[in-house]
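Peer 1: Return atomic coordinates for the entry below.
(one chain, ligands or ions: 2)
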Amino acid sequence: MAPYPLQPPIVAPSILSADFSRLAEALSLAEPTRDWVHCDVMDNHFVPNLTFGPIIVAAARKLTRGFLDVHLMIEEPERLVKAFREAGADGITVHIEACRDVRATLSAVRESGARVGLALKPGTSFAVAEPHLADLDLLLVMTVEPGFGGQAFMGDMMDKVREGVAWRERHGGRYLIEVDGGIAPDTAKVARAAGAEVFVAGHAIYRQANPEIALATLRDAVR
Ligand code: DX5
Ligand code: ZN
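Peer 2: Ligands and ions are numbered 1, 2, ... in the order given. This is a model prediction of the structure:
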């Protein structure tokens, strides 16, 4: 697969914290030439929260040319890979804990034409992901328990980020390392120092007085 269209560091505003009655405005913040747009899909089974499905991803697709980074927090994501790809997802990330067959699910994402991402909950060790790392475009290290925006960053996940960097150096993997949860300028710097390359942020952008300035501040923090 060709390299990603954008080079890291990349900030990915998470629309979970945006005002959905003004989705166009929320999406217009992200600049397609340097940011991703992060979409959190939750099913009230894998996580307690319930958010949205392919219809909203399709709406987002109409509103931005940016890279749509779709984070599936749903049980058996394989069943919906095609639907999210058809809705316009550029990258599809599944949770290793949610897959009945991880390899088959990652293959389904690959075959759909989307970039292939694998996410690890805080309690999931790096070792569990190792058999799949060679197949990935993105490794998502969760820095909160998935389910809700606005939680506190878990600094002890930085060991997992460092393991991701070390494995890639040793084995020549090509995945980017993404962090998600509690990312603000200070914690983004910590994650950047550990080796993270994509920084998802909800509250630190959309719940600020001036989201545009907040996004610019985050971009600067990880530069
Ligand atoms: C949490 C989601 C995150 C969420 C992050 O389960 O995966 O993407 O939007 O929100 P903040 O940045 O507010 O912690
Ligand atoms: Zn997310």
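Peer 1: Share the number of residues neighbouring Arg100, please.
Peer 2: The number of residues packed near Arg100 is 11, by other Cβ atoms under 10 Å. In this view, the C-beta of every residue, glycine as well, is placed from N, C-alpha and C.
Peer 1: mind listing what it touches?
Peer 2: Neighbour list for Arg100: Glu76, Glu78 [criterion: Cβ atoms under 8 Å, 6 or more residues apart in numbering].
Peer 1: Tell me if it really is in a strand.
Peer 2: No - Arg100: not assigned to a strand; according to DSSP: H, G, I helix; E, B strand; the rest coil it is coil.
Peer 1: any idea where the strands of this structure begin and end?
Peer 2: Taking DSSP state E as the criterion, the chain contains strands spanning 10-13, 36-42, 67-73, 91-95, 115-120, 138-142, 176-180, 198-201.
Peer 1: Show me what the last one is in contact with.
Peer 2: If you take Cβ under 8 Å, 6+ apart as the criterion, strand 198-201 is touched by 8-14, 36, 38, 69, 71, 138, 176-181, 183-184, 188, 191-192, 218, 222.
Peer 1: how far does it sit from the chain's center?
Peer 2: Mean-position distance between strand 198-201 and its chain equals 7 Å (Cα atoms, centre = their mean, to the nearest Å).
Peer 1: Give me the sheet partners of that strand and which way each runs.
Peer 2: strand 10-13 (parallel), strand 176-180 (parallel) (DSSP bridges).
Peer 1: same question, the third one
Peer 2: When pairing is defined by DSSP bridges, strand 67-73 lines up against strand 36-42 (parallel), strand 91-95 (parallel).
Peer 1: Of all those strands, which one is nearest Leu23?
Peer 2: Among these, strand 36-42 comes nearest to Leu23, with 10.5 Å by Cβ to Cβ.
Peer 1: And the residue of this structure that's closest to ligand 2?
Peer 2: Residue of the chain nearest ligand 2, by Cβ to the ion: His71 (3.8 Å).
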